[in-house]
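**Q** Structure, please.
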Amino acid sequence: MAGFAAIEKTLGMDIALDPDEILVRKSGANLQRGLETVGGHLFLTDQRLVFRPHGFNVQSGVTDIPLADIVGTRLAWTKLFGKIPLAPNTLEVQTAAGVEFAFVVSRRTEWASALEACLPDT
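**A** Residues are numbered from 1 along each chain as shown. Below is the predicted model:
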């Protein structure tokens, strides 16, 4: 992400911010990627939702979702083997392209409210 002027140091992770971008919320999180639950950190800015995985995960790519691409959110349960409900701690994010992301976060209701407040009016 060349051209970003500011670096936000948080929770041992870096996220590059555009000069006019504002960090709204951040915390540790997991992202379900197929069979792997990827540990890392989730960042919400006034322009995008970014998941940055820890370096020791098998799937180590950064997920960067522009807020303009998000069409919905939903509170969900973390499920064992995709079937057995374990805990009500997942925030699902749907994009206009039909891609769904499942983030396991503490205080998912607060995350959902913050994300919804940042979404552009459609």
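**Q** Before we move on, what's the pLDDT of Thr122?
**A** pLDDT, Thr122: 54.
**Q** Asp18 versus Lys79, what's the distance?
**A** 36 Å (Cβ to Cβ, to the nearest Å). Heads up, the C-betas are built off the backbone N, CA and C, glycines and all.
**Q** meant to ask about Pro66, not that
**A** For Pro66, the distance to Asp18 - Cβ to Cβ - is 12 Å.
**Q** Need the overlap of contacts for those two.
**A** Jointly contacting Pro66 and Asp18 under the rule Cβ atoms under 8 Å, 6 or more residues apart in numbering are Gln47.
**Q** ok, these two, which is more surrounded?
**A** Under the criterion of other Cβ atoms under 10 Å, the comparison of Pro66 against Asp18 puts Asp18 first, with 15 against 12.
**Q** Do I have it right that that one meets Gln47?
**A** Yes: in this structure, Asp18 is within contact of Gln47 by Cβ atoms under 8 Å, at 7.0 Å.
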